[in-house]
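The following comprises the amino acid sequence and a computationally predicted model.
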Amino acid sequence: MGKLIDGKQIAKDLRAAVAVQTEKLATQGITPGLAVILVGDDPASEIYVRNKERAAGKVGVNAQTIKYPADASEAEVLAKIAELNADDSVDAILVQSPVPSQIDEHKVQEAIDPRKDVDGFHPENIGRLYANREGYYPVANTPRGIMTMLHHEGVDVAGKHVVVIGRSILVGRPMAALLQGANATVSLLHRYTPASLTELLVSEADVVIVATGVAGLIKGSELKAGAVVIDVGINRLEDGSLVGDVDFASAEPVASLITPVPGGVGPMTIATLLQTTVELAAQHHGVALEDPWQTI
Ligand SMILES: Nc1nc(=O)c2c([nH]1)NC[C@@H]1CN(c3ccc(C(=O)N[C@@H](CCC(=O)O)C(=O)O)cc3)C=[N+]21
Ligand SMILES: [Mg+2]
């Protein structure tokens, strides 16, 4: 029987650890500042933004959300980023993805000062991650949160075969890089991977991380007995309920550890975003924090 990985609880512990750090920074007159840019009125994005704002306030992070209508121009958004780059009270900048089609997302990502790049999407930070550089730099928060979860559950990926399904810049690619840095053997699969190869690799996986946006893509019968299953999917069904990319009912009895949706990866993403914000603030002010990679 699979044991649930309680992402909600781990995220709560991580936020408590982040709050201890912000208290220390506060004694030096530093309040970490996070600016979130949201373009358009996608209801799901608004929920994430609201969750972030609520969580930020509770751990002593000063979060502001800058909202633009769906028809905002690229120039407007780039001008705001330039202003935030120059604003000393802002330590971390996040542009909610996706942006409307008239805005070049790559241009936006490259406009953010790499030292304020809380998503780790700037090519400079992606390059550091791929080169497995030492030292502190921001890394995408969903994969980083998953590494924290695995660590928390005592799962050491060194020497393990980890299958990552989905190759997005938000999750799959940085996930693979982090796992490789932790000495895992990584298979990075995607929509063009032949089904027979997917079947073979998934059946040989010690850890399976699914981030495709396809509800119920992976079923229990495809997994190796005792596999660790991490579900990054957030799919809203017609009845309004949320499900992941893993068919939980069939996977849970086969897995040794499995994340639920909701209450798994999602809350970890938000807690890790706050962790990264506080680290960027400390770096910005030249203050050393204890062990920025393993807060818990
Ligand atoms: N630049 C950028 N960075 C991101 O990290 C980013 C983004 N854009 N765009 C959208 C995706 C999605 N994402 C989520 C974060 C938290 C939950 C979350 O809190 N989920 C909860 C509750 C979900 C609910 O009930 O609506 C859960 O899974 O338990 C979900 C999704 C961050 N993303
Ligand atoms: Mg500050």
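Thanks, I have it. None of the values given here were measured: they were computed from a predicted structure. Ligands and ions are numbered 1, 2, ... in the order given.

rest of the way, CA atoms for contacts and neighbours
Fine.

Distance check, Q283 against H106.
Going from Q283 to H106 by Cα to Cα, to the nearest Å gives 25 Å.

which of the two has more neighbours?
Neighbours per residue (other Cα atoms under 10 Å) separate Q283 from H106, with Q283 holding more: 17 against 11.

Outline the domain layout of the chain.
29-123, 141-266 (automatic domain parsing).

and the first one, what's its mean pLDDT?
The average pLDDT within domain 29-123 is 95.

same question, the longest one
Within the predicted structure, the mean pLDDT of domain 141-266 is 97.

is that domain anywhere near ligand 1?
Yes. Under the criterion of Cα under 6 Å from any ligand atom, ligand 1 is reached by domain 141-266 at 261-264, 266.

Nearest to ligand 2 among these?
Nearest to ligand 2, judged by Cα to the ion, of these is G266 at 26.0 Å.

Highest mean neighbour count out of the domains of the chain?
Mean neighbours per residue, mean count of other Cα atoms under 10 Å, is largest over the domains of the chain for domain 141-266, with a mean of 20.

and Y130, what does it touch?
174, 177 (Cα atoms under 8 Å, 6 or more residues apart in numbering).

close enough to count as contact, A140 and F121?
Yes. Between A140 and F121 there is a contact at 6.9 Å, judged by Cα atoms under 8 Å.

which neighbours do the two share?
L170.

quick one, helices of the chain?
Secondary structure of the chain (DSSP state H): helices located at 7-26, 43-58, 74-86, 105-111, 123-130, 141-152, 172-181, 195-203, 248-251, 265-284.

Distance to I230 for these - can I get that in JSON lines?
Compiled in JSON lines, those are given as follows (distance: least, Cα to Cα, whole Å):
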{"stretch": "helix 7-26", "distance to I230": "10"}
{"stretch": "helix 43-58", "distance to I230": "20"}
{"stretch": "helix 74-86", "distance to I230": "34"}
{"stretch": "helix 105-111", "distance to I230": "27"}
{"stretch": "helix 123-130", "distance to I230": "21"}
{"stretch": "helix 141-152", "distance to I230": "8"}
{"stretch": "helix 172-181", "distance to I230": "12"}
{"stretch": "helix 195-203", "distance to I230": "13"}
{"stretch": "helix 248-251", "distance to I230": "11"}
{"stretch": "helix 265-284", "distance to I230": "8"}
